[in-house]
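Peer 1: Quick one: sequence plus predicted model below, questions after.
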Amino acid sequence: MIQAFKHCRLVLCVDGTLLTGMYKGLLLTCIGVDADGKVVPLAFAFVESENADSWLWFLSLIKRAVVCDRPNVCVLHDRHKGILSAVKKLQESRNVDVAWPDLHSRWCMRHMRANFYSQFRSKRLE
């Protein structure tokens, strides 16, 4: 997975998925897209909850092990407050082991659409 990122576009998509059933918690995922437009899984982690500390830990490991020295990587996400906090800390190099000042953060339009619909309950406004 780590070697695969060398052949991917400089865009990462991160998200968290709740685990249900016997094992509780959250699965954090990071995927990329290769030059052929294929989805490439790059990293995943199991955490207890989706919060700023979990996202900071996960994104720091992605920077250290996957991104390394590649500049101007963009991370797409769903605007979760934990992700926003972690991204800000990494960009500003505040209280972190790994600085990521050239990290670009953008919102995922699919999540934005879903949030917009749940707020206004009108398909006409989509």
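Peer 2: The structure has been received and is ready for your questions.

Peer 1: drop to CA atoms for contacts and neighbour counts, all remaining ones
Peer 2: Noted.

Peer 1: And the helices in this structure?
Peer 2: Assigned by DSSP state H, the helices in the chain fall at 52-61, 81-92, 109-120.

Peer 1: Include distance to Leu10 and mean neighbour count when you put these into CSV, please.
Peer 2: Formatted as CSV, the helices of the chain follow (distance: least, Cα to Cα, whole Å; neighbours: other Cα atoms under 10 Å):
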stretch, distance to Leu10, mean neighbour count
helix 52-61, 15, 20
helix 81-92, 16, 18
helix 109-120, 18, 12
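
Peer 1: show me what contacts the residue most central in space within the chain?
Peer 2: Here the mean C-alpha position of the chain is nearest to the C-alpha of Val14 (Cα atoms, centre = their mean), at a distance of 2.4 Å. Applying Cα atoms under 8 Å, 6 or more residues apart in numbering to Val14 gives the contacts Leu28, Thr29, Cys30, Ile31, Val75, Leu76, His77.

Peer 1: That one bridge partners, please.
Peer 2: When bridges are taken as DSSP bridges, the partners of Val14 come out as Cys30.

Peer 1: Please tell me how far it sits from Arg124.
Peer 2: Note on Val14: its distance to Arg124, by Cα to Cα, to the nearest Å, is 29 Å.

Peer 1: Grab the nearest non-local neighbour of Val66.
Peer 2: Leaving aside its sequence neighbours, Val66 sits nearest to Ile2 (Cα to Cα, 6 or more residues apart in numbering; 5.0 Å).

Peer 1: Per-residue pLDDT of the one you found, please?
Peer 2: Here, the pLDDT recorded for Ile2 equals 83.

Peer 1: Please give me every residue in contact with it.
Peer 2: Leu42, Ala65, Val66.

Peer 1: Find me the pLDDT at the last one, would you?
Peer 2: Looking at Val66, its pLDDT reads 95.

Peer 1: Report the contact partners of it.
Peer 2: Ile2, Gln3, Phe5, Leu42.

Peer 1: quick one on the thing from earlier: want to throw the contacts of Val14 into JSON lines with neighbour count, pLDDT and distance to Trp107?
Peer 2: Compiled in JSON lines, the contacts of Val14 are given as follows (neighbours: other Cα atoms under 10 Å; pLDDT from 0 to 100; distance: Cα to Cα, whole Å):
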{"residue": "Leu28", "neighbour count": "21", "pLDDT": "97", "distance to Trp107": "17"}
{"residue": "Thr29", "neighbour count": "18", "pLDDT": "97", "distance to Trp107": "16"}
{"residue": "Cys30", "neighbour count": "21", "pLDDT": "97", "distance to Trp107": "15"}
{"residue": "Ile31", "neighbour count": "21", "pLDDT": "96", "distance to Trp107": "15"}
{"residue": "Val75", "neighbour count": "21", "pLDDT": "97", "distance to Trp107": "8"}
{"residue": "Leu76", "neighbour count": "19", "pLDDT": "94", "distance to Trp107": "5"}
{"residue": "His77", "neighbour count": "22", "pLDDT": "94", "distance to Trp107": "5"}
